[in-house]
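Asker: sharing a model prediction with you, sequence too.
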Amino acid sequence: MANQITSIRGMNDIYGDDAVAFDYLIGTAEKTLQRYGYNSIRLPIVEKTELFARSIGEVTDIVEKEMYTFADRNDESLTLRPEGTAGCVRAIVQNGLSHNQIQKLYYTGPMFRYERPQKGRYRQFHQFGVEVFGLATPDIDAELIVLTARLWEQLGLDNLELQINSLGSQEARVAYREKLVEYLSQYKDKLDEDSLRRLDSNPLRILDTKNPEMKDIVDGAPKLIDHLDVESQEHFDIVKSHLDDIGIPFVINPNLVRGLDYYNRTVFEWVTTELGAQGTVCAGGRYDGLVEQIGGKATPAVGFAMGIERLVTLLTDKNKVPSIAKADLYIVTVGDNVSRPGLVISEMVRDAFPNVNVQMNCGGGSFKSQFKKADKSGAKYAIVMGEQEIEEKVVAVKPLRVEGEQQTVEWEALINHLETLFNS
C-alpha cells in the first residue's frame with residue numbers, strides 16, 4: 001500500500017457542520033449585500049507578483065515573508081493572492097469599470113499566506129470581501145459599517161466590538177510619521193526586533209504590535225488622530241455621527257492602523273474576545289489612492305473583508321447555524337424492479353415542487369434500514385414503494401415528523417396530495 005498523502009499544513013478540508021456553517025454564512029452575507037445594492041465579482045486566485053508589491057507595499061510582512069510566489073514556465077513571477085482588494089482594483093482598472101461609474105461589489109474565495117498555522121489563522125483561509133469605487137463621501141463608509149452590523153444581527157452574533165479610527169490624508173500621515181519616528185527613536189534599546197525593522201520602513205505598524213512589553217511605549221506615542229488634516233477630521237466626525245444616528249456603538253482605537261499601506265482616512269475592525277489571539281473577524285477602511293497606484297484614474301474607494309473561518313468558529317461555538325434538513329421528502333424503494341419507477345416518481349415531484357428537497361434511497365436495503373436513512377435525512381414525509389405498490393400503481397405516503405396516518409395514493413393523484421401536505 002502506498003504511503004498516505006495528506007493535506008498541506010495550514011490548508012484544511014472543510015466538511016460536516018463546518019461546511020454547513022460555511023455555506024450558511026456566505027449565503028446570508030450575499031443576501032445582505034444584495035439588499036444594499038451590491039453585485040458579485042469573481043476574481044483570479046493567481047495574480048502577477050508586482051500587483052501585491054505595488055499595492056500592499058514591498059516592506060510589509062505580507063510581501064516580505066508571507067506570499068506564495070513562484071515563476072511560471074515563461075519565468076514570470078506569479079503569486080497566490082494573499083488578500084482580495086488588490087485583485088479587485090486590478091479588475092476595475094483593467095476592465096474600465098470605474099470610468100464615471102459607481103461600483104459596489106462583493107466577492108468570496110480562498111486567500112494564501114505562509115505563516116505559522118494556529119486557531120483562526122491558516123495558510124489557506126477564506127474571505128468575504130466588499131469594495132465600493134467612485135464614492136468619496138463619509139456616508140458610504142458608514143453604510144459599510146452599518147451593513148456589517150446588520151449581518152451580525154441576522155447571524156445571531158453578539159459580543160462583537162466595533163473599533164474605528166482615522167488615518168487622515170497621505171500628507172497628514174507623512175507629517176505624523178516624522179513625529180512618531182522621533183518619539184520611538186528615544187526607545188530604540190527597548191524596541192523588539194520587528195519594531196526596529198519597521199522604524200524606518202513602516203513605523204505606523206509598530207502601533208499595532210501585539211508584544212505586551214511594548215505597551216507602555218505605544219501608549220505614550222503621539223496619536224495620529226490628534227494630527228488629522230481638517231478635511232479628514234470632518235469626514236471622520238460625519239462617519240461617527242451616522243453611526244450614532246443608527247445606534248451602533250463604537251470605540252475609537254487610536255492605535256488601529258491596519259496592516260496594509262494603502263489605507264487612508266476611515267479604518268475599522270470588528271473584534272471579539274471569544275477567539276483568543278485572533279480576535280478580528282472583519283476589517284477594512286478607505287483606500288482612495290490605490291486605484292491610481294495600480295494604474296487607473298484617481299478613484300475614491302472603500303471596503304472590508306470578513307474572515308470566514310473565524311466567523312464559522314463563532315457560529316458553531318454559539319450554535320447559531322440553523323438545522324437544515326437534508327430532505328423534505330425521502331423515497332423508500334424496496335424490491336428488484338422498484339428503483340426505476342422510484343426515480344421517475346422522484347423527478348416528477350422535483351418538477352412539481354422546485355423548493356422541496358427530495359432524496360431517493362440508492363443502494364438498496366431493507367425497509368428497516370431505509371427508514372433509518374429517511375429519519376436521519378430530517379424529512380417530514382416518506383414515499384414508500386414496494387413491488388406491490390408498483391403493481392397497483394400507488395405509493396404510500398408516511399408522515400415521519402408530523403402527525404397523521406400513512407395514506408395510500410395513486411400515482412396520478414400524488415402531486416395534488418403532496419401539495420395539500422406541504423401547504424398545510
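Answerer: Structure received. Residues are numbered from 1 along each chain as shown.
Asker: drop to CA atoms for contacts and neighbour counts, all remaining ones
Answerer: Noted.
Asker: where exactly do the helices run in the stretch 101-250 of the chain?
Answerer: Applying DSSP state H, counting those that start in this stretch to the stretch 101-250 of the chain gives helices spanning 138-155, 170-184, 193-201, 215-219, 230-246.
Asker: weakest of the ones you listed by average pLDDT?
Answerer: Of all the helices of the stretch 101-250 of the chain, helix 193-201 carries the lowest average pLDDT, namely a mean of 74.
Asker: for that one, packing partners?
Answerer: Applying 3 or more CA pairs under 8 Å, 6 or more residues apart in numbering; DSSP states H and E, we find helix 193-201 packed against helix 170-184.
Asker: what's across from the spatially most central residue of the chain in the sheet?
Answerer: For the chain, the residue sitting closest to the mean C-alpha position, by CA atoms, centre = their mean, is Phe128 at 2.9 Å. Taking DSSP bridges as the rule, Phe128 bridges to Thr108, Met306.
Asker: which residues touch it?
Answerer: Counting by CA atoms under 8 Å, 6 or more residues apart in numbering, Phe128 touches 26, 106-109, 305-308.
Asker: and which of those is nearest Thr420?
Answerer: Ile26 (33.2 Å; CA to CA).
Asker: returning to that earlier point: roughly how far apart are the residue nearest to the centre of the chain and Gln233?
Answerer: 29 Å (CA to CA, to the nearest Å).
Asker: likewise Asn3?
Answerer: For Asn3, the distance to Gln233 - CA to CA - is 61 Å.
Asker: quick one: the strands in the stretch 251-400 of the chain?
Answerer: Using DSSP state E, counting those that start in this stretch, the strands found in the stretch 251-400 of the chain span residues 251-252, 264-271, 280-286, 301-307, 329-333, 358-360, 381-385, 394-399.
Asker: buried deepest among the ones you listed, which one?
Answerer: strand 329-333 (a mean of 28; mean count of other CA atoms under 10 Å).
Asker: give the partner strands of that strand in its sheet and their orientations.
Answerer: For strand 329-333, pairing defined by DSSP bridges yields strand 358-360 (parallel), strand 381-385 (parallel).
Asker: any chance of the ones you listed in JSON lines, plus distance to Ala19?
Answerer: What follows is these, written out as JSON lines (distance: least, CA to CA, whole Å):
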{"stretch": "strand 358-360", "distance to Ala19": "20"}
{"stretch": "strand 381-385", "distance to Ala19": "26"}
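Asker: which helix runs longest in the chain?
Answerer: Longest helix in the chain, counting residues (DSSP state H): helix 16-35.
Asker: just to revisit the earlier point, neighbour-wise, which of Asn3 and Gln233 wins?
Answerer: Each of Asn3 and Gln233 has its neighbours counted (other CA atoms under 10 Å); Gln233 has more, 20 against 5.
Asker: on the three-state scheme, Thr6 is what?
Answerer: coil (DSSP: H, G, I helix; E, B strand; the rest coil).
Asker: isn't Arg116 up against Tyr122?
Answerer: Yes: between Arg116 and Tyr122 there is a contact at 7.5 Å, judged by CA atoms under 8 Å.
Asker: pick out whichever of the two has more residues nearby.
Answerer: Of the pair Arg116 and Tyr122, Tyr122 is the one with more neighbours under other CA under 10 Å, namely 20 against 11.
Asker: what is the least confident helix or strand in this structure?
Answerer: Considering only helices and strands, the least confidently modelled element of the chain by mean pLDDT, DSSP states H and E is helix 61, at a mean of 63.
Asker: show the subsequent helix or strand relative to it.
Answerer: The helix or strand immediately downstream of helix 61 is strand 68-71, counting by DSSP states H and E.
Asker: just the CA coordinates for that next one, please, in CSV.
Answerer: Output of strand 68-71 as CSV, limited to C-alpha atoms (Å, rounded to 0.1, in the frame of the first residue of the first chain):
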residue,chain,number,x,y,z
TYR,A,68,3.3,32.1,-2.0
THR,A,69,5.3,33.3,-5.0
PHE,A,70,6.7,31.3,-7.9
ALA,A,71,7.9,31.6,-11.5
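Asker: paired strands for it, with orientation please.
Answerer: Under the rule (DSSP bridges), strand 68-71 has strand 77-80 (antiparallel) as partners.
Asker: show me what counts as buried in the strand it pairs with.
Answerer: 78-80 (16 or more other CA atoms under 10 Å).
Asker: quick check, pLDDT for Ser424.
Answerer: 72.
Asker: try Asn95
Answerer: For Asn95, the model assigns a pLDDT of 94.
Asker: please tell me how far Ala352 sits from Glu419.
Answerer: 9 Å.
Asker: go on, Gly364?
Answerer: Taking CA to CA, one finds Gly364 at 28 Å from Glu419.
Asker: so if I had to pick from these two, which one is more boxed in?
Answerer: The neighbour comparison of Gly364 against Glu419 (other CA under 10 Å) goes to Gly364, with 15 against 12.
Asker: which residues sit in contact with the residue lying closest to that one once chain neighbours are set aside?
Answerer: Residue nearest to Gly364 in three dimensions, not counting chain neighbours: Val334, with 6.7 Å by CA to CA, 6 or more residues apart in numbering. For Val334, the contact set (CA under 8 Å, 6+ apart) comprises 364-367, 385-387.
Asker: pLDDT wise, what is Val334 at?
Answerer: Taking Val334 on its own, its pLDDT is 88.
Asker: could you report the distance from the residue lying closest to Asn255 once chain neighbours are set aside to Lys188?
Answerer: Of all residues not flanking Asn255 in the chain, Leu207 sits nearest, at 5.4 Å (CA to CA, 6+ apart). Computed as CA to CA, the Leu207 to Lys188 distance reads 14 Å.
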